[in-house]
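Chemist: task: produce atomic coordinates for the following.
(one chain, ligands or ions: 1)
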Amino acid sequence: MLNAQTNGTAMLRLSGVGKRFPGVVALDNIDLELRRGEIHALLGENGAGKSTLIRILTGIHRADAGHYLLNDEPVRMENPQMAQRLGVSLVPQDILMVPGFSIGRNILLGSESLHTLKDRLNPHEIEKVEQALSRVGATFSPHTLTSELSVPHLHLAQIARALLNPGDLLILDEPTAVLSEHDAEQLLDRLEQLRDQGKSILYVTHRLGEVMRMADCFTILRDGKNVGYFRRGEIDRQDIVDCMAKPGGKLPSECAVRATPLNINTFPRLKVSQLSGQQFSDVSLHALPGEIVGIAGVQGAGHGNLLRAIAGTDPHHQGEVMLDSRTLSPLTSRHALRHGILLVPADRRGSAIVPGLPIRANIALSARVRQQVRRWGLRWHKAERDMAQRYVDDLTIRPGSAETLIGSLSGGNQQKVVLARALESRARLLLIEEPTQGVDVRAKAEIHALLRQAAWHNDCTLVIASSEFEELIGLADRIYVMRSGRLVKELEGQAASYKAILEHALS
Ligand SMILES: Nc1ncnc2c1ncn2[C@@H]1O[C@H](COP(=O)(O)OP(=O)(O)OP(=O)(O)O)[C@@H](O)[C@H]1O
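Modeler: Below you'll find the predicted structure:
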């Protein structure tokens with residue numbers, strides 16, 4: 001066990017680490033020191049090299065160059081098991097769970113008792129998992145199958161797994177990207193406790209508020225290079241953004257104003273009446289043509305389930321959904337899609353990309369997109385390429401060619417491609433869960449600009465479910481607050497403050 005005396009000494013030292021992928025230098029000559037009892041923020045735009053560095057530290061990738069000292073001993077991390085043995089714990093960006101197993105088995109994977117029958121945990125193990133789950137605020141049972149849980153719940157379970165027996169070096173890759181503010185807060189408190197116990201924490205996030213609050217030092221990567229190391233107090237939020245951005249890059253304006261006001265006397269594009277389904281009940285709401293409507297809720301509030309039911313992907317028990325004054329019956333995903341309702345789910349990377357296809361083909365996976373780029377009824381490759389390249393440029397997707405395989409993009413850049421597909425589909429109603437999870441500050445502003453453009457200029461109605469309330473305040477014309485499966489408040493204009501949303505979402 002570490003003690004206060006060892007705090008501040010180096011736990012890990014990297015020098016000259018490099019990694020190349022075909023056509024990309026992902027990491028170039030990186031030096032990094034992680035000290036005991038410190039939270040070290042690793043920051044950078046999408047594609048800067050953060051996940052690659054983490055994969056090297058945890059034995060998932062091998063570095064092409066450089067040295068790695070752990071506790072002053074040179075190591076060559078052969079695989080993730082070795083990293084775990086040496087006390088390096090990881091909360092990955094993607095969900096890494098065995099699909100048919102219960103959450104309990106997934107959390108204990110590799111350390112279950114030998115006497116345990118298949119998929120049966122003994123009472124001691126169940127208690128251990130329950131404690132691990134409750135430590136991160138999760139309320140579901142250890143027996144729940146992974147297939148029954150939402151994406152945020154799966155992430156919470158992964159965090160619980162890493163915190164069960166955290167090694168001396170804990171690495172977290174965007175752990176709060178899909179968590180509600182409440183759960184994120186709880187995690188940050190827990191990390192501060194672990195730091196006080198002498199653990200070293202390497203923390204990757206695009207939520208700069210989090211690291212401004214708790215990080216002791218910051219390393220900033222840009223295009224695979226280490227462009228800055230700062231101690232707390234030496235740098236503020238704006239300096240970080242400036243340091244992360246490529247020279248000459250500019251954030252799109254976030255404070256745009258709608259050119260023509262919404263016509264509140266027109267018939268709603270979407271009208272939901274007394275809809276009940278899995279984890280929500282008796283929901284009535286409406287959205288006008290060209291309106292951006294937010295549904296705010298903490299994780300588990302049911303806002304994601306509601307969106308999926310409106311899109312016909314999840315079943316509903318009662319109530320109806322009308323699009324442009326026509327009742328959608330039957331309310332199936334195929335039917336909804338035919339009428340121009342498109343869902344962008346939270347698990348975009350898991351469910352919405354084909355890794356072996358280029359960006360261009362991934363955007364054109366949607367039949368609605370393919371219709372836009374046809375000539376004389378045939379697929380028109382040039383139009384498809386030009387369309388995809390436009391999004392690559394507008395959303396600064398990197399590497400910057402529409403022909404790049406999507407599987408080789410960083411997580412945030414993959415998210416941008418999935419959103420590009422939704423925007424290009426020219427839907428009448430776009431239902432988006434957590435539109436900017438895992439994307440950097442610049443891309444966030446770019447995505448907001450494109451969403452506004454879709455609503456204001458292309459007459460698309462947007463319903464956005466998010467647990468990031470500040471995002472909704474900046475983006476939505478009106479916000480419904482959802483709590484425990486019910487809409488509890490509708491807020492608009494000045495009344496839609498962060499405090500008001502939080503009060504209704506939690507009380
Ligand atoms: N398996 C791979 N094959 C080819 N290129 C890759 C692979 N993994 C990453 N890259 C490339 O390496 C660079 C760094 O990617 P990385 O995932 O480390 O970025 P990141 O900083 O973690 O981004 P994000 O914030 O979006 O997660 C990117 O240009 C990416 O396209």
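
Chemist: pretty sure T461 sits against T266.
Modeler: No. With contact defined as C-beta atoms under 8 Å, T461 does not reach T266; the gap is 11.2 Å. From N, CA and C alone the C-beta is placed, and that goes for glycine too.

Chemist: overlap in contacts, those two.
Modeler: 288-289 (C-beta atoms under 8 Å, 6 or more residues apart in numbering).

Chemist: compare neighbour counts for those two and give me the winner.
Modeler: Neighbour tally, T461 and T266, criterion other C-beta atoms under 10 Å: the higher count belongs to T461, 26 against 11.

Chemist: who in the chain is up against the ligand?
Modeler: Residues of the chain lying close to the ligand by C-beta under 6 Å from any ligand atom are 21, 24, 26, 44, 46-52, 398-399, 408-413.

Chemist: hang on, I201 in a helix?
Modeler: No. Looking at I201 with DSSP: H, G, I helix; E, B strand; the rest coil, it is strand, so not inside a helix.

Chemist: re earlier: mind listing which of the residues of the chain next to the ligand are in helices?
Modeler: 50-52, 411-413 (DSSP state H).

Chemist: which stretch of helix or strand covers L32?
Modeler: strand 24-35 (DSSP states H and E).

Chemist: list the helices and strands that strand packs on?
Modeler: Strand 24-35 sits against strand 10-21, helix 50-57, strand 65-70, strand 200-204, strand 225-231, with contacts defined as 3 or more C-beta pairs under 8 Å, 6 or more residues apart in numbering; DSSP states H and E.

Chemist: ok, now which ones touch the nearest residue to H316 once chain neighbours are set aside?
Modeler: In this structure, H316 finds its nearest non-sequential neighbour in G277, 3.9 Å apart by C-beta to C-beta, 6 or more residues apart in numbering. By C-beta under 8 Å, 6+ apart, the contact set of G277 is 305-306, 309, 314-317.

Chemist: now distance to E471 and neighbour count too, for those residues, in JSON lines please.
Modeler: Conversion of those to JSON lines gives the following (distance: C-beta to C-beta, whole Å; neighbours: other C-beta atoms under 10 Å):
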{"residue": "N305", "distance to E471": "20", "neighbour count": "23"}
{"residue": "L306", "distance to E471": "18", "neighbour count": "31"}
{"residue": "A309", "distance to E471": "23", "neighbour count": "26"}
{"residue": "D314", "distance to E471": "24", "neighbour count": "19"}
{"residue": "P315", "distance to E471": "29", "neighbour count": "11"}
{"residue": "H316", "distance to E471": "27", "neighbour count": "22"}
{"residue": "H317", "distance to E471": "31", "neighbour count": "10"}
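
Chemist: from these, pick the one nearest the ligand.
Modeler: Closest approach to the ligand among the contacts of G277 (C-beta to the nearest ligand atom): N305, at 27.0 Å.

Chemist: so what's the closest residue to the closest one other than its chain neighbours up against?
Modeler: Nearest non-adjacent residue to N305, counting by C-beta to C-beta, 6+ apart: Q279, 4.4 Å away. Contacts for Q279 (C-beta under 8 Å, 6+ apart) come out as 300, 302, 305, 485.

Chemist: ok, these vs the ligand, which is closest?
Modeler: The ligand has its nearest neighbour among the contacts of Q279 in G300, at 25.3 Å by C-beta to the nearest ligand atom.

Chemist: on that earlier part again, please identify which of the contacts of G277 is nearest to I473.
Modeler: Closest approach to I473 among the contacts of G277 (C-beta to C-beta): L306, at 19.8 Å.

Chemist: let's verify the closest one: helix, strand, or coil?
Modeler: helix.

Chemist: any idea how far Q274 lies from the ligand?
Modeler: Using C-beta to the nearest ligand atom, to the nearest Å, we find Q274 at a distance of 41 Å from the ligand.

Chemist: is L431 in contact with G312, as I believe?
Modeler: No. Applying C-beta under 8 Å as the test, L431 and G312 come out as separate, 10.4 Å apart.

Chemist: which of those two has more neighbours?
Modeler: Regarding L431 and G312, a neighbour count based on other C-beta under 10 Å identifies L431 as having more, with 28 against 21.

Chemist: how about the helices of the stretch 51-200 of the chain, start to end?
Modeler: Counting by DSSP state H, counting those that start in this stretch, the stretch 51-200 of the chain has these helices, from start to end: 80-85, 103-108, 123-135, 151-164, 181-196.

Chemist: who does the residue nearest to H316 bridge with?
Modeler: G277 has these beta-bridge partners by DSSP bridges: F280, H316.

Chemist: apart from its neighbours in sequence, what residue is nearest L109?
Modeler: Nearest non-adjacent residue to L109, counting by C-beta to C-beta, 6+ apart: V98, 6.9 Å away.

Chemist: show me where pLDDT drops low in the stretch 201-350 of the chain?
Modeler: Scanning the stretch 201-350 of the chain for pLDDT under 70 picks out 246-257, 259, 299, 348-350.

Chemist: how about the strands in it?
Modeler: For the stretch 201-350 of the chain, applying DSSP state E, counting those that start in this stretch gives strands covering 217-222, 225-231, 270-277, 280-287, 292-296, 316-323, 326-327, 341-344.

Chemist: got the phi/psi numbers for the residue most central in space within the chain?
Modeler: In the chain, the C-alpha nearest the mean C-alpha coordinate belongs to Q437, at 3.3 Å (C-alpha atoms, centre = their mean). For Q437, the backbone dihedrals (degrees, to the nearest 10) come out as phi -60, psi 130.

Chemist: how near is it to the ligand?
Modeler: Look at Q437 and the ligand: by C-beta to the nearest ligand atom, they are 11 Å apart.

Chemist: repeat for R334
Modeler: Counting by C-beta to the nearest ligand atom - R334 and the ligand are separated by 32 Å.

Chemist: any stretches of this structure with poor pLDDT?
Modeler: Short version for the chain, where the test is pLDDT under 70: 1-8, 112-119, 246-257, 259, 299, 348-351, 507.

Chemist: which residue of it lies farthest from its centroid?
Modeler: In the chain, the residue most distant from the centre (C-alpha atoms, centre = their mean) is W376, at 39.5 Å.

Chemist: need phi/psi at that one.
Modeler: Backbone geometry at W376, expressed as degrees, to the nearest 10, gives phi 50, psi 40.

Chemist: can you check K499 too?
Modeler: phi -60, psi -40.

Chemist: what's the burial count for the residue nearest to L109?
Modeler: Applying other C-beta under 10 Å, we find 10 other residues in the vicinity of V98.

Chemist: that one against N106, yeah?
Modeler: Yes. Using C-beta under 8 Å, V98 is in contact with N106, at 5.9 Å.
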